[in-house]
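>>> Mind looking at a prediction? Sequence and model below.
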Amino acid sequence: MDNLYAATPLGSVHEIVEILARSAWARVERIISHGQASPEGFWYDQDEHEFVAVLRGAARLRFEGPDEEVALGPGDHLMIPAHRRHRVEWTSPDEPTVWLAVFFADESA
């Protein structure tokens with residue numbers, strides 16, 4: 001057994017990404033951010049769908065086409081369809097932001 005809030009290190013220059021579970025069809029990650037954001041001009045464009053939830057902290061995501069910004073706090077979650085371009089605009093610099101992300105392929109693929 002493990003705990004999603006265990007060992008949330010502070011002060012890392014980079015986000016911390018841990019794979020908690022995986023199969024041929026899905027991957028579950030715990031991501032810890034502490035003030036990090038996507039590099040200027042960088043957009044995620046993933047082949048997989050992503051369900052993401054903020055468990056602790058706060059973040060803002062930006063979506064492209066149409067342009068949309070979404071603020072997330074504890075308990076907030078959303079689905080990001082495959083190839084929906086998005087970026088992390090901001091994460092709280094005052095506390096760790098703990099994310100739970102589930103990546104999975106389209107069942108028709």
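Received the coordinates, thanks. Residues are numbered from 1 along each chain as shown.
>>> Checking the residue nearest to Ser38 when sequence neighbours are not counted next. Helix, strand or coil?
Distances taken as C-beta to C-beta, 6 or more residues apart in numbering put Arg87 closest to Ser38, at 3.9 Å, once the chain neighbours are dropped. All C-beta atoms are positioned from the backbone trio N, CA, C, and that covers glycine. Under DSSP: H, G, I helix; E, B strand; the rest coil, Arg87 falls in the strand class.
>>> Specify the beta-bridge partners of Arg87.
Arg87 has the following beta-bridge partners by DSSP bridges: Arg62.
>>> quick one: it and Leu61 touch, right?
Yes: contact between Arg87 and Leu61 holds when scored by C-beta atoms under 8 Å: they sit 7.0 Å apart.
>>> and Gly57, backbone torsions?
phi 90, psi -160 (degrees, to the nearest 10).
>>> isn't it right up against Pro93?
No: using C-beta under 8 Å, Gly57 is not in contact with Pro93; the gap is 9.9 Å.
>>> Neighbour count for the two, which is higher?
Gly57 (21 against 11; other C-beta atoms under 10 Å).
>>> now what about stretch 90-100, what contacts it?
The contact list for stretch 90-100, computed with C-beta atoms under 8 Å, 6 or more residues apart in numbering, reads 4-5, 8-10, 28-37, 52-60.
>>> and Gly73, what is it in contact with?
Gly73 touches 54, 57-58, counting by C-beta under 8 Å, 6+ apart.
>>> any idea how far Ala59 is from it?
8 Å (C-beta to C-beta, to the nearest Å).
>>> what's Leu100 sitting at in phi/psi?
Dihedral angles for Leu100 - degrees, to the nearest 10 - are phi -120, psi 120.
>>> Which members of the contacts of stretch 90-100 are classed as buried?
8, 28-37, 52, 54-59 (16 or more other C-beta atoms under 10 Å).
>>> For the closest residue to Ile32 other than its chain neighbours, grab the count of nearby residues.
Spatially, and ignoring its direct neighbours in sequence, Ile32 is nearest to Ile16 (4.3 Å; C-beta to C-beta, 6+ apart). By the criterion of other C-beta under 10 Å, Ile16 has 16 neighbours.
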